[in-house]
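>>> Could you look at this predicted model? Sequence included:
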Amino acid sequence: QVHLVESGGGSVQAGGSLRLSCTASGFTFSRFYMNWFRQAPGKEREFVSGISRDLQSTYYADSVKGRFTISRDNAKNTLYLQMNRLTPEDTAEYFCAANEDSPSHRAMSMDYWGRGTQVTVSS
């Protein structure tokens, strides 16, 4: 059974940092592109960042470029998102997601989803 479990969310003041983790099980982690999405109340789920299977390629939404860093450890089946210089606009539920076929920024292309972790940034 596939599981993606996010952790590391919380409340932080603007300008602060958080590191999210996503631990995977039930599938061959190293064969999947891994991604972070987020969804704020009343808004659609949006792509945040992605990383290729071999760690060589990373992708970022313009809104987080230069502030967030995605990484993965295939030996530990774990995905990370280091978030720096957080702003209130980053407040959302953050989800990790896996897709096997190709890099994608589309939520509907994901094969597996975690349940999310809440990030709240206060001004």
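In hand now; what should we look at?

>>> does residue 122 really touch residue 14, like I thought?
Yes: look at residue 122 against residue 14 with C-beta atoms under 8 Å: they come within range, at 6.7 Å. Quick note: C-beta positions are derived from backbone N, CA and C, even for glycine.

>>> Roughly how far does the residue most central in space within the chain sit from residue 57?
Residue closest to the average C-alpha location in the chain (C-alpha atoms, centre = their mean): residue 36, at 2.2 Å. In this view, residue 36 and residue 57 are 15 Å apart by C-beta to C-beta, to the nearest Å.

>>> Hmm, the residue nearest to the centre of the chain is touching residue 96, no?
Yes: Residue 36 sits in contact with residue 96 when judged by C-beta under 8 Å, with a separation of 5.8 Å.

>>> what do those two both touch?
Taking C-beta atoms under 8 Å, 6 or more residues apart in numbering as the contact criterion, the common neighbours of residue 36 and residue 96 are 20, 22, 79.

>>> Just the buried residues of those residues.
Buried members of the shared contacts of residue 36 and residue 96, scored by 16 or more other C-beta atoms under 10 Å, are 20, 22, 79.

>>> and the last one, bridged to which residues?
By that I understand residue 79. Assessed by DSSP bridges, residue 79 has beta-bridge partners residue 22, residue 72.

>>> related to what we said a few turns ago, reformat the shared contacts of residue 36 and residue 96 as TSV; add pLDDT.
Converted to TSV, the shared contacts of residue 36 and residue 96 look like this (pLDDT from 0 to 100):
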residue	pLDDT
20	98
22	98
79	98
